[in-house]
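**Q** The following comprises the amino acid sequence and a computationally predicted model.
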Amino acid sequence: MGDRVLHRILLVLTLIGIGIASYLTYVHYEGLSPICAVGHGCEKVQSSQWAKVGGVPVPLIGLVGYVGLLGSLLVRGELARLATAGMAYIGVAFSAYLTYRELFSIHAICQWCVGSAIVMTLIAIFATIRVLRAPEFELGDDDAPTLHADLEHEPA
Amino acid sequence: MADTDTRKEQRAAARAERARAEAERARMRRRLWQLGGVLAIAVVVVVGIVIAAGGGGNSKPKLKAGESIPGQSETNALFAGIQQSGITVGDPKAPITVVEFADLQCPFCQAYTTEVLAPIVAGYVRTGKVKMVFRNVAFIGTDSVRAAQMAAAAGLQNKLWQYIDLFYTNQGEENSGYVTDDFLRKVGHGVKGLDVEKAMNDRGIATVQKQLNDAQSEWTSNGFTGTPSFLIGPTGGTLKPMGANDHLSVKSMSAAIDKALQQQQGKQ
């Protein structure tokens, strides 16, 4: 799989993620007042005490994360690739925590949230492959040392 | 000559190939280290967020001197001297009636009770402007039902409002099985003047069951699907659903009640 294909896949996945997060954020703010609703699934999850982290609704956090991922995909270079992977790792870890809460504390599953968790996991996998398979910077002998010097200043 | 040249070229090519492979391995190692670093940062970030959110959001009230359960003094002081009858608190002739539909396990009902209710009781119920009715819709789980039965039994002794107030203050994790007999007794002992054992025994009686069934059907017949939900209107007249977000703050709740009071005065 070439870098361009990986980049395309990541872009598509990120856009799907933005779609899901936007929908859930919209639903959250669209007058669905904080109530404990009848029935299972999304309403129950979204109205639970874990639907907010530090007062910020979880879907909004997800949306910010996906937009951040999109931003990192629009920038070239090794640092941007690493940033994509890093943000995706944060997303996966956060999704894992939320899924744990859904299963063991809220006892309800929200299919949109699970969808987002799967998308985020795929992004993390492809972003990792993309970092490892990144094309070499053989842009001529003059450029190479500069690039390597730059890389040494990157945070690990 | 040609032979030597070819061999030289081959050696050079092999050297270049080795160097390239070595560089490739080095690059791979570096990238794995970078990814590992990024992963470590990600884990730290998420653990930090989760701890910060969990630690800050749900701070439990503390037990004060002379209390057997946290929140006891505030609850008893809030309702002291206000008339209660079954599920109703306030002057029976108060011009406005507010009906609350709630589940004792619902976190948003808890938020309403702990953040909004007290100033409303002090400003409107104690002053005889509003009477409030508590309709217990136990739909979240068996813990809700057990809690609702005990609250209704406390209502038979006209102590329902203290009981639910104190219950919300000490609300536990949803459907975790925390509503045990011990827990119900503990909340009961915090309510001044409640005969806890009598209430425990009254939980199973037909009056209690009927009251809970009635609450459920009144809730659904008003088209509600969640809690807390409210009805407001003139006492003895037609009650209407309150705005979906009116219960979120003392300000919005007061505004809704003021509006109802004005309408009522306009008619007289």
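**A** That came through fine.

**Q** B:L184 belongs to a helix, doesn't it?
**A** Yes. Counting by DSSP: H, G, I helix; E, B strand; the rest coil, B:L184 is part of a helix.

**Q** wait, isn't it in contact with B:A148?
**A** No. Under the criterion of CB atoms under 8 Å, B:L184 makes no contact with B:A148, lying 10.8 Å away. Quick note: C-beta positions are derived from backbone N, CA and C, even for glycine.

**Q** neighbour count winner among the two?
**A** Regarding B:L184 and B:A148, a neighbour count based on other CB atoms under 10 Å in any protein chain shown identifies B:A148 as having more, with 27 against 23.

**Q** Which helix or which strand is home to the more buried one?
**A** Per DSSP states H and E: B:A148 is located in helix B:142-156.

**Q** And the pLDDT at the spatially closest residue to B:G188 that is not a sequence neighbour?
**A** For B:G188, ignoring the flanking residues on the chain, the nearest one in space by CB to CB, 6 or more residues apart in numbering or on different chains is B:V196 at 3.8 Å. B:V196 is assigned a pLDDT of 96 by the prediction.

**Q** separation between B:V196 and B:Y163?
**A** From B:V196 over to B:Y163 the distance is 10 Å, taken as CB to CB, to the nearest Å.

**Q** Check B:A148 too.
**A** Counting by CB to CB, the gap from B:A148 to B:Y163 is 11 Å.

**Q** Next: A:V5.
**A** From A:V5 to B:Y163 the distance is 64 Å (CB to CB).

**Q** So those two - more neighbours on which side?
**A** More crowded of A:V5 and B:Y163, by other CB under 10 Å: B:Y163, with 27 against 11.

**Q** pLDDT weak spots in the stretch 151-268 of chain B?
**A** B:268 (pLDDT under 70).

**Q** next one: chain A
**A** Scanning chain A for pLDDT under 70 picks out A:30-35, A:37-50, A:54-55, A:106-108, A:136-156.

**Q** Now do the helices in it.
**A** A:3-29, A:42-46, A:58-73, A:78-101, A:111-132, A:143-151 (DSSP state H).

**Q** Identify whichever of those helices lies nearest to B:S249.
**A** helix A:3-29 (16.9 Å; CB to CB).

**Q** buried set for the closest one?
**A** A:6-7, A:9-10, A:13-14, A:16-18, A:20-22, A:24-25, A:27-28 (16 or more other CB atoms under 10 Å in any protein chain shown).

**Q** mind listing what B:A94 touches?
**A** Contact analysis of B:A94 by CB atoms under 8 Å, 6 or more residues apart in numbering or on different chains lists B:125, B:128-131, B:235.

**Q** excluding its backbone neighbours, what's nearest residue 88?
**A** If you meant another chain, say so; for now it's chain A. A:A124 (3.8 Å).

**Q** Can you look at chain B instead?
**A** Nearest to B:T88 is B:V133, by CB to CB, 6+ apart, at 5.1 Å.

**Q** Does the one you found touch B:I96 like I think?
**A** No. Using CB under 8 Å, B:V133 is not in contact with B:I96; the gap is 11.4 Å.

**Q** Neighbour count for the two, which is higher?
**A** B:I96 (25 against 19).

**Q** got the contact list for that one?
**A** B:124, B:129-131, B:232-235, B:257, B:260-261, B:264.

**Q** what about B:M132, is that helix, strand or coil?
**A** B:M132 ends up strand, using three-state DSSP.

**Q** rewinding a little: overlap of the contact sets of B:V196 and B:Y163?
**A** Shared contacts of B:V196 and B:Y163, counting by CB under 8 Å, 6+ apart, come down to B:G188.

**Q** quick revisit: which strand residues bridge the residue nearest to B:T88?
**A** Beta-bridge pairing for B:V133 (DSSP bridges): B:T88, B:V99.

**Q** so how far is chain A from it?
**A** 18 Å (CB to the nearest CB, to the nearest Å).

**Q** Please name the residues that touch that residue.
**A** Contacts of B:V133 by CB under 8 Å, 6+ apart are B:87-88, B:97-100.

**Q** How about B:A138?
**A** B:103-105, B:144-145, B:147-148, B:212.

**Q** residues of stretch B:256-264 that come out buried?
**A** For stretch B:256-264, by 16+ other CB under 10 Å, it's B:256-257, B:260-261, B:264.

**Q** any idea which of the residues you listed is closest to A:M120?
**A** When those are compared against A:M120 (criterion: CB to CB), the nearest one is B:A256, at 41.1 Å.

**Q** What sits closest to that closest one if chain neighbours are left out?
**A** Setting aside the residues directly before and after it, B:A256 is nearest to B:D246 in space (CB to CB, 6+ apart), at 4.4 Å.

**Q** Got phi/psi on B:V191?
**A** phi -90, psi 120 (degrees, to the nearest 10).

**Q** For it, the count of nearby residues, please.
**A** Using other CB under 10 Å, the number of residues around B:V191 comes to 26.

**Q** just checking, it touches B:Q162?
**A** Yes. Counting by CB under 8 Å, B:Q162 is a contact partner of B:V191 at 4.4 Å.

**Q** what is in contact with those two at once?
**A** B:75-76, B:154.

**Q** Nearest to A:L63 among the residues you listed?
**A** B:T75 (40.3 Å).

**Q** The closest one touches B:V191, doesn't it?
**A** Yes. Applying CB under 8 Å, one finds B:T75 in contact with B:V191, separated by 7.3 Å.

**Q** Overlap in contacts, the two.
**A** With CB under 8 Å, 6+ apart, B:T75 and B:V191 have common neighbours B:162, B:166.

**Q** With chain A as the reference, measure out to B:Q83.
**A** For B:Q83, the distance to chain A - CB to the nearest CB - is 29 Å.

**Q** Please report the distance of that residue from B:N158.
**A** B:Q83 is 8 Å from B:N158, by CB to CB.

**Q** and stretch B:67-76, which residues are buried?
**A** Those would be B:67, B:69-72, B:74-76, for stretch B:67-76 by 16+ other CB under 10 Å.

**Q** Give me the distance between the closest residue in space to B:I205 that isn't next to it in sequence and B:V191.
**A** Nearest non-adjacent residue to B:I205, counting by CB to CB, 6+ apart: B:A153, 7.9 Å away. Distance of B:A153 to B:V191, given as CB to CB: 12 Å.

**Q** Same question for A:G71.
**A** 56 Å.
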